[in-house]
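In: sequence below, structure please.
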Amino acid sequence: MNTDAKTDPTTGLTTAEVAERVARGETNAIPDAPTRSVGQIIRANVLAPINLVIGVLAALVIAAGSPKDALFGGVIVANSVIGVVQELRAKKVLDSLSVISAPKAQAVRDGEVVELAVHELVLDDVVELRSGAQVVADGEVLSGENLELDESHLTGEADAVSKGPGDEVLSGSAVVAGTGRMLVTKVGAENYAIKLAEEARRFTLVNSPLRNDINRIVTWVGYLIIPVGLLLASSQFLRRHEGWQESIISTVAGLVGMVPEGLVLLTSVAFAVGVVRLARQRCLVQELPAIEVLARVDVLCADKTGTITEGSLALSDVKAMDGEDRAVIDPVLCALAQLDPDPNATTVALGTHFTEPTTWLVTGRVPFSSGRKWGGMTFTTADGKPAGSWVLGAPENVLGKAYTGALQEQVEQHAATGERVLVLAGTDTTFASEDMELPKVRPVALVLLEDVMRADAPATLKYFADQGVIVKVISGDNNVTVGAVAQKAGLVGWEDNVNATTLPDEDSKEFADAIESGTIFGRVTPHQKRAMVRALQARGHTVAMTGDGVNDVLALKDSDCGIAMASGSEATRGVAQLVLMDSNFSAMPAVVSEGRRVINNIERVASLFLAKTVYSVVLSVLTGVFALAYPLRPIHLSILSWFTIGLPAFFLALEPNDQRVAKGFMPRVLGRAVPAGIVIAAATMTVFAIAQLDESIDSDHARTVAVLVAGSVALMNLFRVARPLNHLRRGLVITMTALFALAFVIPTGRDWFELPTTAGWAYGLAAGLIAAAWPLLELGSRVAQRDRVKR
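Out: Numbers count the residues shown, from 1 in each chain. Modelled structure (predicted):
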């Protein structure tokens with residue numbers, strides 16, 4: 001800041017002075033939002049480890065002279081395209097939202113008021129403050145008339161703060177009443193709101209248990225590929241004396257079957273479909289796994305505003321004092337609302353209720369301010385007759401020593417129910433100047449205001465209660481008021497309200513105990529919000545956090561899933577994984593439902609993919625140890641993957657599924673996949689070995705019945721996974737079985753998939769092994785079911 005002399009508030013900076021500050025770098029440049037660049041998005045999706053593995057294997061097969069066997073490489077393109085398109089789409093929508101909602105500044109330069117983008121401001125600029133405008137930089141008030149600021153996005157405090165010359169104003173606050181001019185004293189990263197947000201600006205991926213489990217599976221497979229690959233290659237080339245091309249094809253056949261590439265692709269597809277569905281409900285998903293994490297959440301921390309209430313007031317009732325007439329009171333309230341040149345939330349609520357135009361005129365006025373907590377007007381009727389002088393404000397400020405006894409008890413009773421109580425009083429004194437003291441008054445009526453409840457709040461809160469999700473309301477407002485509002489919304493545990501200023505040290509066990517047991521927290525600071533989230537996480541909870549202000553950024557960042565309102569600050573939207581575009585909390589159940597669909601259905605189909613991984617590992621080990629021919633070629637794995645895993649899994653993964661998510665994903669999936677994979681491998685290797693005992697059947701013809709057995713047992717595994725059958729699943733199993741059979745029946749299918757007709761007795765043997773495999777699969781199914789019941 002220029003310490004020698006302040007900028008003239010009437011003329012502002014000159015063009016030359018602005019140029020000097022720009023040259024010195026004293027501009028209000030705002031750091032970019034913490035989103036990944038286009039290049040980072042493309043690299044992360046294209047250069048994924050599983051894509052690299054599949055790419056290398058496909059290149060080896062092509063080098064060996066069999067490009068048809070490299071069909072499996074198409075999954076690289078699908079994986080990359082889906083991930084890149086979804087992330088770029090989310091980035092585009094969020095960036096567009098940031099541009100649309102970016103505030104403007106009314107700056108005074110060369111004696112004229114000009115509209116500037118936020119980044120065009122410089123140090124020592126003079127900025128006009130008008131009702132409804134956002135403060136875009138830290139500064140000092142130069143002049144003001146009844147200037148009041150809402151700092152709730154910074155402090156969480158709901159009440160407006162009165163500001164006068166010399167007072168500090170912070171970026172991120174908003175003008176709710178009055179006008180004024182301020183001097184910009186800090187720019188760019190030095191601003192308070194930016195400093196607060198900067199602690200959370202580094203981009204991070206949301207923690208996803210499902211993604212972690214799948215990545216763990218891929219890692220295990222990665223560790224197995226090298227030793228198994230060396231074993232396979234050496235057995236084919238050195239011990240069986242196969243040519244290098246045939247050795248590579250056999251080795252790749254074993255290795256590519258081990259990689260559950262379709263599971264990674266299908267998970268991306270399932271998430272992407274969920275993103276599209278949620279976008280139709282105006283919910284922007286910035287990270288794919290966020291919808292899964294929300295489905296696992298067991299504690300949801302939310303602010304009162306935007307969650308339970310809409311952030312506006314409504315007239316609840318007018319309680320006339322004994323002997324007072326509503327016919328006199330209502331016209332007064334109507335005139336106070338409609339004739340206020342600088343309406344605040346209270347007068348807006350009155351104006352919404354009293355809609356018939358007033359004919360009165362204002363002859364004197366003392367504007368309302370949060371400092372004195374009252375305002376007054378003197379009226380005359382249209383024909384010039386006196387209509388009295390009236391005061392509206394907080395009872396304790398308006399009535400002074402008269403605020404006692406039965407009247408005070410009545411006010412406190414209403415306040416305990418969550419209502420805001422004002423008193424309307426009459427006076428014989430005419431309001432002649434805006435700075436006059438409060439005259440002697442007589443109370444006429446109590447004016448009761450209430451927060452406008454979101455129509456969907458009770459149903460949304462009930463949904464979370466039914467699903468076992470604990471909702472904790474964290475607010476900067478009074479805890480008793482918030483508790484009363486929560487009671488009206490039907491929130492369980494509303495009576496457990498805590499004033500956060502009384503909480504023990506944030507690092508103590510007592511603090512964590514208080515957060516665990518409490519439901520409503522008032523007077524909470526931004527750093528306390530973050531500490532509350534961390535305390536709940538330390539107790540083993542999966543925590544989601546909703547917010548719209550800069551004061552929520554730190555807690556959003558540290559939560560397992562951050563949810564921002566689009567109407568809130570840009571910093572909040574930048575660190576959140578989900579953005580509710582209409583700031584509509586009722587969209588949350590749909591997000592939870594989509595997450596459950598993804599998790600439960602991926603669990604259903606994951607056993608199909610991992611069964612292939614298991615039987616590929618078993619076949620590879622047997623082939624390598626005993627120097628046998630590998631029973632399948634890469635093209636055979638394509639048909640097995642398409643009809644017994646990939647296509648059916650795609651449809652199963654997109655089915656509706658709203659069951660609650662249970663813990664133990666990995667044990668349940670492996671409990672079904674490992675027995676099925678062993679059965680498929682044993683049956684396949686048995687038919688392949690026995691068929692070759694007939695000297696008229698070579699390895700290529702023996703592979704026909706090996707594919708038949710492997711595919712048939714895998715289809716039975718599909719039937720087992722799809723149970724209980726509905727119309728879709730029954731039709732799916734029948735269709736996949738028919739398509740698989742056509743590959744053996746139609747000559748084109750036999751030629752393309754290398755399935756030459758073999759001896760009749762070999763088909764009979766295959767049928768017997770298929771029949772014998774069924775009870776073994778059922779046994780594995782029952783073991784897995786018993787494990788689920790125990791859990």
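In: how far away is Val687 from Arg703?
Out: Distance of Val687 to Arg703, given as Cβ to Cβ, to the nearest Å: 10 Å. Quick note: C-beta positions are derived from backbone N, CA and C, even for glycine.
In: now Val273
Out: Taken as Cβ to Cβ, the span from Val273 to Arg703 is 36 Å.
In: those two: which is more packed in?
Out: Between Val273 and Arg703, counted using other Cβ atoms under 10 Å, the more crowded position is Arg703 (26 against 17).
In: for Gly65, see how far away the more buried one is.
Out: Distance from Arg703 to Gly65, counting by Cβ to Cβ: 19 Å.
In: equivalent analysis for Val452, please.
Out: Distance of Val452 to Gly65, computed by Cβ to Cβ: 73 Å.
In: quick one: which of those two has more around it?
Out: Using other Cβ under 10 Å, the more surrounded residue of Val452 and Gly65 is Val452, with 14 against 11.
In: quick one, phi/psi of the more buried one?
Out: phi -70, psi 110 (degrees, to the nearest 10).
In: quick one: pLDDT of it?
Out: Note for Val452: predicted pLDDT of 87.
In: I'd say it and Ser312 touch.
Out: Yes - using Cβ atoms under 8 Å, Val452 makes contact with Ser312 at a distance of 4.9 Å.
In: need the contact list for Ile602.
Out: Leu210, Leu263, Leu266, Thr267, Ala270, Ala653 (Cβ atoms under 8 Å, 6 or more residues apart in numbering).
In: typed the wrong thing, it's Pro631
Out: Counted by Cβ under 8 Å, 6+ apart, Pro631 has contacts Leu619, Thr623, Thr684, Met685, Phe688, Ala702, Arg703, Ala706, Ala710.
In: likewise for Leu230?
Out: Leu230 neighbours (Cβ under 8 Å, 6+ apart): none.
In: tell me which helix or strand comes right after the helix or strand where it lies.
Out: Using DSSP states H and E, Leu230 maps to helix 209-234. Toward the C-terminal end, the helix or strand that comes next after helix 209-234 (DSSP H and E) is helix 244-258.
In: show me what whichever helix or strand comes after that next one is packed against.
Out: Reading on from helix 244-258 to the C-terminus, the next helix or strand found by DSSP H and E is helix 261-280. Secondary-structure packing of helix 261-280 (3 or more Cβ pairs under 8 Å, 6 or more residues apart in numbering; DSSP states H and E): helix 49-63, helix 74-101, helix 209-234, strand 283-285, helix 290-296, helix 588-626, helix 647-653.
In: deepest of these, which one?
Out: Highest mean neighbour count among those (mean count of other Cβ atoms under 10 Å): helix 290-296, with a mean of 26.
In: only C-alpha atoms, please: export that helix in PDB.
Out: Presented in PDB, the C-alpha positions along helix 290-296 are these (Å, rounded to 0.1, in the frame of the first residue of the first chain):
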ATOM      1  CA  ALA A 290     -16.300 -39.100  -6.100                       C
ATOM      2  CA  ILE A 291     -19.800 -40.600  -6.600                       C
ATOM      3  CA  GLU A 292     -18.400 -43.900  -5.200                       C
ATOM      4  CA  VAL A 293     -16.900 -42.300  -2.100                       C
ATOM      5  CA  LEU A 294     -20.200 -40.500  -1.300                       C
ATOM      6  CA  ALA A 295     -22.000 -43.900  -1.400                       C
ATOM      7  CA  ARG A 296     -19.600 -45.000   1.300                       C
END
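In: rewinding a little: next, format the contacts of Ile602 as CSV and append distance to Leu407 and pLDDT.
Out: Formatted as CSV, those follow (distance: Cβ to Cβ, whole Å; pLDDT from 0 to 100):
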residue, distance to Leu407, pLDDT
Leu210, 60, 80
Leu263, 70, 81
Leu266, 68, 76
Thr267, 64, 78
Ala270, 62, 78
Ala653, 65, 85
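In: just send those residues back as JSON lines, with distance to Thr378 too.
Out: Output for these, formatted as JSON lines (distance: Cβ to Cβ, whole Å):
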{"residue": "Leu210", "distance to Thr378": "67"}
{"residue": "Leu263", "distance to Thr378": "76"}
{"residue": "Leu266", "distance to Thr378": "73"}
{"residue": "Thr267", "distance to Thr378": "70"}
{"residue": "Ala270", "distance to Thr378": "67"}
{"residue": "Ala653", "distance to Thr378": "71"}
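In: any idea how many residues pack against Leu399?
Out: 22.
In: report the central residue of the chain.
Out: Leu578 (2.5 Å; Cα atoms, centre = their mean).
In: can you pull the contacts of that one?
Out: Here Leu578 is in contact with Cys283, Leu284, Val285, Gln286, Ala290, Ile291, Leu294, Cys561, Gly562, Ile563, Ala564, Val591 (Cβ under 8 Å, 6+ apart).
In: what score does the last one have for pLDDT?
Out: As predicted, Val591 sits at a pLDDT of 84.
In: show me what contacts it?
Out: Neighbours of Val591 in contact, by Cβ under 8 Å, 6+ apart: Leu278, Cys283, Ile291, Leu294, Leu578.
In: quick one: the second one and Val492, what's the gap?
Out: Right, Cys283. When distance is defined by Cβ to Cβ, Cys283 is 25 Å away from Val492.
In: dump the contacts of Pro631 into TSV; add secondary structure, pLDDT and distance to Thr347 as well.
Out: Converted to TSV, the contacts of Pro631 look like this (DSSP: H, G, I helix; E, B strand; the rest coil; pLDDT from 0 to 100; distance: Cβ to Cβ, whole Å):
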residue	secondary structure	pLDDT	distance to Thr347
Leu619	helix	92	79
Thr623	helix	91	83
Thr684	helix	96	80
Met685	helix	95	83
Phe688	helix	95	85
Ala702	helix	95	88
Arg703	helix	94	84
Ala706	helix	96	83
Ala710	helix	96	77
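In: any idea which of these is closest to Ala78?
Out: Ala710 (23.8 Å; Cβ to Cβ).
In: does Leu116 lie in a helix or a strand, and which?
Out: strand 112-117.
In: tell me the average confidence for that strand?
Out: 90.
In: quick revisit: redo the helices and strands packed on helix 261-280 as TSV? Include distance to Thr501.
Out: Shown next, in TSV, are the helices and strands packed on helix 261-280 (distance: least, Cβ to Cβ, whole Å):
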stretch	distance to Thr501
helix 49-63	50
helix 74-101	33
helix 209-234	36
strand 283-285	35
helix 290-296	31
helix 588-626	29
helix 647-653	49
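In: could you list the low-pLDDT ranges of the stretch 101-250 of the chain?
Out: Scanning the stretch 101-250 of the chain for pLDDT under 70 picks out 101-103, 132, 152-159, 193, 196-207.
In: buried ones in stretch 11-23?
Out: Neighbour-count burial for stretch 11-23, counted by 16 or more other Cβ atoms under 10 Å, picks out Gly12, Leu13, Glu17, Val18, Arg21.
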